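*Asks:* Coordinates only, no sequence provided:
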């Protein structure tokens, strides 16, 4: 009996350290997340929660009295005055935002594990050996269902299913503490080889992007060929310069390069939560925890709401934010001595259900928390996969905020699932696109 109790105590000790995290395979979802609810009860059972979410969305679509998912009210709101009560569930970044800005609020809602995928994606995940990586099966959506390192978690984020094609127009904004706003419009098209008449299996997707406002930014066009993450190859990028009227390679369209339109508030590899190769950092897996994270921000998915209503002194007004309890993988990235980047240390919080980066804390060379990134997802209803609705980046040093991904005042609809031709994604195509 004593020996049994000793073993039990030892196992509990290992669990507290995050070491003993092995469960039977049927205790996990198709994506590798823990299916059961968390011990504290804040994160519900996946299957029950996912079913409940779908029922709620169906009712929302049929109910004309306004009883919708978007009309739900928060269970509680975290402010500076009650910060200590919930600090155990807050990342250092969220904690700092609440301490620094008196009017900053974190509205916490009931948790829905809404993340889901098309059946073909689920079968691809369930029918493969996650530990076997070979060149004949490079396009794995989540190559490591049960990651053992920080790099494997980030490779899951990079490899996740994002739909085969997407075309959109969005606006980004820089706001300051006084509520002043600058606005930039960006058109982009992203396609995978699956929807092209030609292409290579070594490319994950092809991207075209150009500004459509303000006038000072209109003209240049960016083309990116993004390799499959498991190949660990460098991306290829070209830019058409309207001033020079020529196409040139863009070797700096990665890592800590800063793009036009963000006023230097984000780096190239912070787009989409994180993108690009992993070579400049050492990736340390710090475990999996229940935290309060931005999730199901469906209130922003409404064309009737103006940007003026959404944006305020604290970047995005709290009434349009939604935070929930979810389990996240915590990954610490430390810059290698032989590499260069403006962020020597970064902490990523990656959703266990969708494998999407939900938050990022970045540190300066002095060791201070510098910037806080919040990446709010929604579940795309018709296409049935999780997708970023908004990206919010707070700069703590100069009290500026960069918001991207909003399309509330864009007339053209978001497009998914279309086919295209490879000739549209070659360097020669950039000149033709500029003429159009």
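*Replies:* Arrived safely, thanks for sending. Worth saying up front: this structure is predicted, and the values here are computed from it rather than measured. Numbering: from 1, shown residues only.

*Asks:* Which positions in stretch 69-77 come out as buried?
*Replies:* Using 16 or more other CB atoms under 10 Å as the test for burial, stretch 69-77 gives 69, 72, 74. No exception for glycine: its C-beta is placed from N, CA and C like everyone else's.

*Asks:* Next: stretch 103-112.
*Replies:* Residues of stretch 103-112 classed as buried by neighbour count (16+ other CB under 10 Å): 104-112.

*Asks:* In strands only, show me those.
*Replies:* Mapping the buried residues of stretch 103-112 onto strands (DSSP state E) picks out 106-108.

*Asks:* all helices for the chain, in order.
*Replies:* 2-17, 46-62, 83-86, 92-100, 119-126, 150-159, 307-310, 427-435 (DSSP state H).

*Asks:* mind putting these in JSON lines, distance to residue 323 and mean pLDDT included?
*Replies:* Formatted as JSON lines, the helices of the chain follow (distance: least, CB to CB, whole Å; pLDDT from 0 to 100):
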{"stretch": "helix 2-17", "distance to residue 323": "25", "mean pLDDT": "38"}
{"stretch": "helix 46-62", "distance to residue 323": "16", "mean pLDDT": "89"}
{"stretch": "helix 83-86", "distance to residue 323": "10", "mean pLDDT": "96"}
{"stretch": "helix 92-100", "distance to residue 323": "8", "mean pLDDT": "97"}
{"stretch": "helix 119-126", "distance to residue 323": "27", "mean pLDDT": "88"}
{"stretch": "helix 150-159", "distance to residue 323": "20", "mean pLDDT": "97"}
{"stretch": "helix 307-310", "distance to residue 323": "16", "mean pLDDT": "96"}
{"stretch": "helix 427-435", "distance to residue 323": "40", "mean pLDDT": "78"}
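
*Asks:* and residue 239, which of those is closest to it?
*Replies:* When the helices of the chain are compared by CB to CB, helix 427-435 sits nearest residue 239, at 7.8 Å.

*Asks:* tell me how far the closest one is from the chain's mean position?
*Replies:* Distance of helix 427-435 from the chain centroid (CA atoms, centre = their mean, to the nearest Å) equals 30 Å.

*Asks:* Give me the residues contacting it.
*Replies:* Residues outside helix 427-435 that contact it (CB atoms under 8 Å, 6 or more residues apart in numbering): 208, 210, 219, 221, 223, 238-240, 242, 247, 423-424.

*Asks:* if we go to 6 Å?
*Replies:* Helix 427-435 has contacts (CB atoms under 6 Å, 6 or more residues apart in numbering) with 221, 223, 238, 240, 247.

*Asks:* Just the closest of the residues you listed to residue 412, please.
*Replies:* Nearest member of the contacts of helix 427-435 to residue 412, counting by CB to CB, is residue 221, at 17.7 Å.

*Asks:* Just give the number of residues close to the closest one.
*Replies:* Using other CB atoms under 10 Å, residue 221 has 20 other residues around it.
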